[in-house]
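> pasting the structure only:
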């Protein structure tokens, strides 16, 4: 009696176990995997869906390579600035009074909850020729400067929009830092700088890696920031995709996306080598 | 030395917040400006707020955004929780890691690629089936559920691994069916993860512009899409008014959720303290 009951339970249990995730598997194949296959399919076909290499070849012409190079340059610059601002910020916040930390982190996250369109737009208001910064410069006698529609404006927009994505993962790893190692290092005669370089930096590396990826990926693929703050003078790879999409040239849009995806994949592979543990440093709680 | 460090750290954090909030503060101040200028304040006025709410498009977009966010959060929370349950019980390592890799794709891929990829499929299938319009509310909903799902799964999954495995086993031994055991024992344990995941899905959907931009139909306008349309035309302080309202709502929500969670923590701390005291004085504790 008992044995048949247990058997029945274990069978139904495994049925539940087996099928609970089934709707998601179905969904993931249909809406995550297959769409990516469509990107590849569109990349290698023309308007009549006949095989062609023209789209991919078109990417490797000076026109698109210039755009790619500029995107990489601006996104790297923005990521570097975010790291330089964000790392000390995460370090300092992690060392404040734990009661204050929660509020500080909430304040870091607050702008993130505003739509990035509005955050970018705010910088348009600040940087324009008749804007507040130029007004201040004028009253100081430095005269109005052209700030909008420059590469600098685009980078400022990227830094402002994505800085929290750099701070949060580094902060979350800083709070898990093993303080006994810090104490041990200073007991054994390390000066504060050496402690920082030899103990704190290596431990926080996984947070840095995920922060770098979380800033770099949206920066390189943006089209709104470059359009608004760069005034269309500094086409980025995202702009190229969006333009092809809007002129209904879906096959070229797919080809650019496809190449960008492969490049990012290669980049992530390299970055993965840097961080040996994948456990910490995410945005997720 | 230590004092110096503290001063540097305080100054640094203050400067950081000036950088983060100054642009938003400017928008808020100028949303109450009488004139259209973004340099000179010409007097207090609520005219841009009136202007905003006289516009039906704003209210329609707001309603659309909330409906879309609620529906996609509901679908992704239920499907994602079930998925996390199934994944946590999976025995084959290779299959499990494959599923997790696929789950990570929408999080690692730039939004623009997720959007383009879904759009290509919708357009292809739509054209094949002869629809006059391949993109509509349904395609946008599918896209939103797709990018919300990973957030739900990744916030629920750790709760399953943190859970005491003997509890559901005990429930089964005591005669619960697996379904009962899930609802009575496992679900209460993973609830914080489910709530976090659902909330994240809701906010991600509400906030999304890029993926919506590529998968939208011509008739369905969300708030971010409306903002995009507004910033395309000439500068209008209506946008400042909208930004101010959004900021106020977020601030209220964040502060109140923060207050609630600290209050809960305090309550917990008090309970723990009284339990400790009970132990010390020899009063039996539950």
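Noted; the coordinates are in hand. Predicted model only: the values in this text are computed from it and were never measured.
> For residue 254, give me phi and psi.
Because you didn't say which chain, this covers chain A. Main-chain dihedrals, residue A:254, degrees, to the nearest 10: phi -60, psi -40.
> Please apply the same query to residue A:44.
Main-chain torsions, residue A:44, degrees, to the nearest 10: phi -100, psi 20.
> Name the nearest residue to it, ignoring sequence neighbours.
Using C-beta to C-beta, 6 or more residues apart in numbering or on different chains and skipping residues adjacent in sequence, the residue nearest residue A:44 is residue A:51, 6.0 Å away. Using the backbone N, CA and C atoms, a C-beta is placed for each residue, glycine as well.
> so the one you found makes contact with residue A:43?
No: with contact defined as C-beta atoms under 8 Å, residue A:51 does not reach residue A:43; the gap is 10.7 Å.
> just to revisit the earlier point, for the residue nearest to residue A:44, the count of nearby residues, please.
8 (other C-beta atoms under 10 Å in any protein chain shown).
> which residues touch the residue in the stretch 151-285 of chain A positioned nearest to chain B?
Residue of the stretch 151-285 of chain A nearest chain B, by C-beta to the nearest C-beta: residue A:221 (3.5 Å). Taking C-beta atoms under 8 Å, 6 or more residues apart in numbering or on different chains, we find residue A:221 in contact with A:236-238, A:241, A:260, B:110-113.
> and residue B:157, what does it touch?
B:84, B:87-88, B:193.
> What of residue A:227?
residue A:239.
> Would you agree it falls within a strand?
No: read with DSSP: H, G, I helix; E, B strand; the rest coil, residue A:227 is helix and lies in no strand.
> Identify the residue spatially nearest to the residue of the stretch 1-150 of chain A found nearest chain B, adjacent ones excluded.
Residue of the stretch 1-150 of chain A nearest chain B, by C-beta to the nearest C-beta: residue A:21 (2.6 Å). Closest residue to residue A:21 apart from its sequence neighbours, by C-beta to C-beta, 6+ apart: residue B:86 at 2.6 Å.
> helices and strands around the longest helix anywhere in chain B, which ones?
For chain B, the helix with the greatest residue count under DSSP state H is helix B:238-281. Using 3 or more C-beta pairs under 8 Å, 6 or more residues apart in numbering or on different chains; DSSP states H and E, the elements in contact with helix B:238-281 are helix A:98-113, helix A:116-127, helix B:2-31, helix B:47-54, helix B:223-232.
> Could you tell me the angle between it and helix A:98-113?
150 degrees (axes from the mean of the first three to the mean of the last three C-alpha atoms, to 10 degrees).
> Tell me what angle helix B:238-281 forms with helix B:47-54.
Using the same axes, to 10 degrees: helix B:238-281 against helix B:47-54 is 90 degrees.
> got the angle for helix B:238-281 vs helix B:2-31?
Using the same axes, to 10 degrees, the direction of helix B:238-281 lies 140 degrees away from that of helix B:2-31.
> and helix B:238-281, how far out from the chain's middle?
Mean-position distance between helix B:238-281 and its chain equals 18 Å (C-alpha atoms, centre = their mean, to the nearest Å).
> which of the residues in stretch B:103-110 are buried?
B:103, B:105-110 (16 or more other C-beta atoms under 10 Å in any protein chain shown).
> Of the residues you listed, which ones also sit close to chain A?
By C-beta under 8 Å from any C-beta of the partner chain, the members of these lying near chain A are B:103, B:105-106, B:108-110.
> Count the residues that sit near the residue in the stretch 51-200 of chain B that chain A sits nearest to.
Nearest residue of the stretch 51-200 of chain B to chain A, counting by C-beta to the nearest C-beta: residue B:86, 2.6 Å away. Neighbourhood size, residue B:86 [other C-beta under 10 Å]: 20.
> Identify the residues contacting it.
A:17-22, A:24.
> So residue B:217 versus chain A, what's the distance?
For residue B:217, the distance to chain A equals 15 Å [C-beta to the nearest C-beta, to the nearest Å].
> Quick check: phi and psi on that residue?
Residue B:217 has phi and psi values of phi -90, psi 180 when expressed as degrees, to the nearest 10.
> ok, now residue A:51?
Torsion angles, degrees, to the nearest 10, at residue A:51: phi -60, psi 140.
> What score does it have for pLDDT?
At residue A:51, the pLDDT value in this model is 94.
> Name whatever forms a beta bridge with it.
Beta-bridge pairing of residue A:51 under DSSP bridges involves residue A:45.
> from the contacts of residue B:86, which two are the most distant?
Pairwise distances across the contacts of residue B:86 peak at 13.4 Å for A:17 and A:24 (criterion: C-beta to C-beta).
> Compare those two (neighbour count), which wins?
For residue A:17 versus residue A:24, the count of surrounding residues by other C-beta under 10 Å is larger for residue A:24: 24 against 17.
> That one is in contact with residue B:152, isn't it?
No: Residue A:24 lies out of contact with residue B:152 (C-beta under 8 Å); the separation is 9.6 Å.
> what touches both of those two?
The contact sets of residue A:24 and residue B:152 overlap at B:79-80 (C-beta under 8 Å, 6+ apart).
> Give the helix, strand or coil label for the residue nearest to residue A:21.
Following three-state DSSP, residue B:86 is assigned to helix.
> Can you tell me how far it is from residue B:186?
Separation of residue B:86 from residue B:186 (C-beta to C-beta, to the nearest Å): 12 Å.
> before we move on, the earlier item: tell me who's in contact with the residue of the stretch 1-150 of chain A closest to chain B.
Counting by C-beta under 8 Å, 6+ apart, residue A:21 makes contact with B:82-87, B:90, B:99.
> what sits up against stretch B:246-265?
Counting by C-beta under 8 Å, 6+ apart, A:102-103, A:106, A:109-110, A:113-115, A:118, B:24, B:27-28 sit against stretch B:246-265.
> center of chain A - which residue?
By C-alpha atoms, centre = their mean, chain A has its centre lying nearest to residue A:214, at 2.5 Å.
> Nearest residue to it in space, please, no chain neighbours.
Sequence neighbours aside, residue A:165 is the residue nearest to residue A:214 in space, at 4.0 Å (criterion: C-beta to C-beta, 6+ apart).
> how many other residues sit next to the one you found?
Residues contacting residue A:165 under the criterion other C-beta under 10 Å number 22.
> just for chain A, where's the confidence low?
Scanning chain A for pLDDT under 70 picks out A:1-14, A:274-285.
> Double-check residue B:21 against residue A:119; I have them as touching.
No: with contact defined as C-beta under 8 Å, residue B:21 does not count as touching residue A:119 (11.0 Å).
> give me phi/psi at residue A:129?
phi -60, psi -40.
> count of neighbours near it?
11.
> Contact partners for it?
Here residue A:129 is in contact with A:144, A:146-148 (C-beta under 8 Å, 6+ apart).
> Just name the closest of these to residue A:95, please.
Using C-beta to C-beta, the contacts of residue A:129 come closest to residue A:95 at residue A:147, 34.9 Å.
> Identify the residue nearest that closest one in space, chain neighbours excluded?
Once flanking residues are discounted, residue A:147 sits nearest to residue A:127: 4.3 Å by C-beta to C-beta, 6+ apart.
> Surely that neighbour touches residue A:156?
Yes: the pair residue A:127 and residue A:156 qualifies as a contact (C-beta under 8 Å) at a distance of 7.5 Å.
> Much appreciated, bye for now.
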